[in-house]
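Peer 1: fold the following for me, if possible:
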Amino acid sequence: MLIIADAHIPFLVEAVRNEWPQVTIIPMKPEEIDASAVRDADVLVVRTRTKVNEALLAGSRVRLVCTATIGFDHIDTAYCDAQHIRWMSCPGCNARAVCDYIEEALDETVSSHIIPFHSLSNLTIGIVGVGHVGTKVAEMAERKGYKVLLNDPPKGIGVSLDEIARNSDIVTFHVPLTGVQNTDSSAQTLYPTYHLCDERFLDKCRPHALIINAARGGVVDEKALMRSGHPYIFDTWEDEPSINPEVLQHAFRASMHIAGYSVEGKRNASQMCLDTIAETFGLSKIDISSYRYNGRTNIAEHSHGPWLAAVTAELKADPASFESLRKNYPLR
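Peer 2: Numbers count the residues shown, from 1 in each chain. Next up, the predicted model:
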């Protein structure tokens, strides 16, 4: 049995080599994972940088695709389903880390006075998408004294998107990317989120409302947002990693798709992938809770001052370094 895996997924290779001697696992850089590399693989474990579609999988023996991420818009799920290739993502794996990122973003916003907030008790935050992440963000915001408005039509939760726009001082998005234009039909949905935050939405927002996107880049129409004059914080961008430098420079805070980058989140994702592989192929279950993370962490770094401001400065100084900064970001 052969597993091809993104080399940037921690714990995975070590666990397979320690616990499943009958399985071969080959770690590869995302740019190395192509049709020839996966042709003889039974399992493919990726992150968002690998586009999993017919071009990659046709003619291979891949039976299972795991993405060690919450989102799965990089997987052509319709093709996988049609070819009887099982696929899975890791919902909730890094929800705590993303919530911590949003909390830091809020704290730096309030302390900077970039928006004319009079007092914390008067602030209203609109949370669009109330899944694993949105739920934690709502709990955090309530704990900090914000008035919370929720919007999640597929779940029948909360108020309308128009009400979110009209009544929120801060709007944060935590939805999957669906309804993408010019893509396969599997991305279409009853509740499309592509450019959910568009010119129409922004026109309804309060004049100084802050927009936060730590979901998927295409959820926000970046050019419309920049034209609107609203302050914004982005962790996810359209056309990553080749992000728009003008959009970057106008951001109040900016990072390179690392909101969910924590040791806990990475461990959770790897565990979920390993569990699915074991179930699918009848292998013994592996518990990686005791495995140590051997990479760099910046826990001490984050205990001193506004760390998101430091990340922003580094990215703005060299927008072309987006991908290398992301790959080398020390986990929280």
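Peer 1: alpha carbons only for contacts and neighbour counts from here, please
Peer 2: Will do.
Peer 1: count the neighbours of residue 276 for me.
Peer 2: The number of residues packed around residue 276, counting by other Cα atoms under 10 Å, is 21.
Peer 1: could you do residue 167 as well?
Peer 2: 18.
Peer 1: touching, it and residue 124? I think so.
Peer 2: Yes. In terms of Cα atoms under 8 Å, residue 167 counts as a neighbour of residue 124; the distance is 7.1 Å.
Peer 1: report the separation between residue 85 and residue 49.
Peer 2: The spacing between residue 85 and residue 49, counted by Cα to Cα, to the nearest Å, is 20 Å.
Peer 1: of the two, which one has the most company?
Peer 2: Summary of the neighbour comparison: residue 85 and residue 49, criterion other Cα under 10 Å, with residue 85 having more neighbours (17 against 14).
Peer 1: for the residue nearest to that one when sequence neighbours are not counted, grab the count of nearby residues.
Peer 2: Closest residue to residue 85 apart from its sequence neighbours, by Cα to Cα, 6 or more residues apart in numbering: residue 63 at 4.8 Å. A count of nearby residues for residue 63, using other Cα under 10 Å, gives 18.
Peer 1: need the contact list for residue 63.
Peer 2: 42, 43, 84, 85, 86 (Cα atoms under 8 Å, 6 or more residues apart in numbering).
Peer 1: just the pLDDT for the fourth one.
Peer 2: In other words, residue 85. On the pLDDT scale, residue 85 is placed at 98.
Peer 1: repeat that for the one 4 residues further on.
Peer 2: Per-residue confidence for residue 89 comes out at a pLDDT of 96.
Peer 1: ok, it - how many residues close by?
Peer 2: Residue 89 is surrounded by 22 other residues when neighbours are defined as other Cα under 10 Å.
Peer 1: hang on, the earlier thing: overlap of the contact sets of residue 167 and residue 124?
Peer 2: Residues within reach of residue 167 and of residue 124 at once, by Cα under 8 Å, 6+ apart: there are none.
Peer 1: can you give me the offset of stretch 286-296 from its chain's centre?
Peer 2: Taking Cα atoms, centre = their mean, to the nearest Å, one finds the center of stretch 286-296 at 22 Å from the center of the full chain.
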